[in-house]
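[1] Output the structure for:
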Amino acid sequence: MFINTSSLRCAVMALALAACAGLASAAGTLHVELDTSGFGSDGWIDLQLNGSPLSSVSAYADLSSIVGFGSAAGAQLSNVTGSAADGFHMENVAGGYNDLFHAVDYTGGKISFNISFSGDADPSGQYGSVFSVALYGADQFTLLGSSSNIDGSLLHLNWTPSATVGGQGSVGAETFASGVQVAAAVPEPSTWLLLGAGLGLIGLARRRKA
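    Numbering: from 1, shown residues only. Sure thing, here's the model as predicted:
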């Protein structure tokens with residue numbers, strides 16, 4: 001059977017580049033997991049994205065692969081769009097209160113989500129936004145998790161946008177309680193499949209050449 005090696009090489013390169021692009025974007029996404037065992041059954045999560053009062057740089061946080069969120073009834077969204085099923089998009093509106101307060105289910109033993117940040121370049125290169133996570137009891141008032149932070153939050157993700165337009169910025173994590181984990185998100189299965197297909201075609205091309 002005749003195979004056009006030039007077309008094959010182009011296809012392999014396209015697949016490899018697409019796979020690498022997927023992995024690169026995943027590298028900028030963090031996976032957050034909170035151990036909720038012992039917290040009872042129902043409660044609430046409070047997610048905020050607020051910036052420095054010295055900066056008006058717009059920032060955005062996108063949440064996906066959400067596990068442990070409960071009913072949307074009674075949820076409070078301020079400068080937030082989306083849902084637990086489809087993901088949330090949060091915006092840091094300068095001078096605003098940017099908050100997602102949502103019911104959660106503690107019986108599964110964990111709450112988790114993936115998060116990625118984006119936004120305008122920061123001319124100063126030093127002012128960013130803080131994404132904070134706090135958990136509450138069913139009364140929406142009692143803080144859970146034995147936080148060592150004065151505001152009761154369990155986690156801060158400090159996002160500073162790059163001073164270069166188009167830059168991805170940097171994220172620093174601060175945890176204030178045990179049972180909080182932050183790590184690079186694992187690429188989606190579709191990304192691994194694409195990468196595997198590209199590698200398979202590379203192997204086929206080499207065998208044909210041999």
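[2] From here on, just use CA atoms for contacts and neighbour counts.
    Will do.
[3] got a pLDDT number for residue 112?
    We have a pLDDT of 98 for residue 112.
[4] Next: residue 57.
    Looking at residue 57, its pLDDT reads 77.
[5] Check whether it really touches residue 125, as I assumed.
    No. If you go by CA atoms under 8 Å, residue 57 and residue 125 don't touch, sitting 10.6 Å apart.
[6] and these two? which has more neighbours close in?
    The neighbour comparison of residue 57 against residue 125 (other CA atoms under 10 Å) goes to residue 57, with 20 against 13.
[7] Would you mind listing the residues in contact with the more buried one?
    Going by CA atoms under 8 Å, 6 or more residues apart in numbering, residue 57 touches 51, 94, 119, 120, 121, 122, 127, 128.
[8] Equivalent analysis for residue 137, please.
    The contact partners of residue 137, taken as CA under 8 Å, 6+ apart, are 39, 42, 43, 44, 143, 144.
[9] In this structure the second one contacts residue 109, no?
    So the one you mean is residue 42. No. At 11.3 Å, residue 42 and residue 109 do not qualify as touching, with contact defined as CA under 8 Å.
[10] For the contacts of residue 57, work out which two are farthest apart.
    94 and 121 (14.8 Å; CA to CA).
[11] the more surrounded of these two?
    A direct count of neighbours by other CA under 10 Å for residue 94 and residue 121 places residue 121 higher, at 22 against 17.
[12] List the contacts of the more buried one.
    Taking CA under 8 Å, 6+ apart, one finds 57, 161, 162, 163, 164, 165, 166, 167 in contact with residue 121.
[13] Go ahead and name everything in contact with stretch 63-72.
    Under CA under 8 Å, 6+ apart, the answer for stretch 63-72 is 83-89, 102-106, 108, 110-116.
[14] Quote the end-to-end distance of it.
    Stretch 63-72 has an end-to-end distance of 15 Å (criterion: CA to CA, to the nearest Å).
[15] Stretch 62-80 now?
    End-to-end span of stretch 62-80 (CA to CA): 10 Å.
[16] Just the buried residues from the contacts of stretch 63-72, in PyMOL please.
    In PyMOL, a selection of the buried entries from the contacts of stretch 63-72 looks like this (16 or more other CA atoms under 10 Å):
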select buried, resi 84+87+88+89+102+103+104+105+106+110+111+112+113+114+115+116
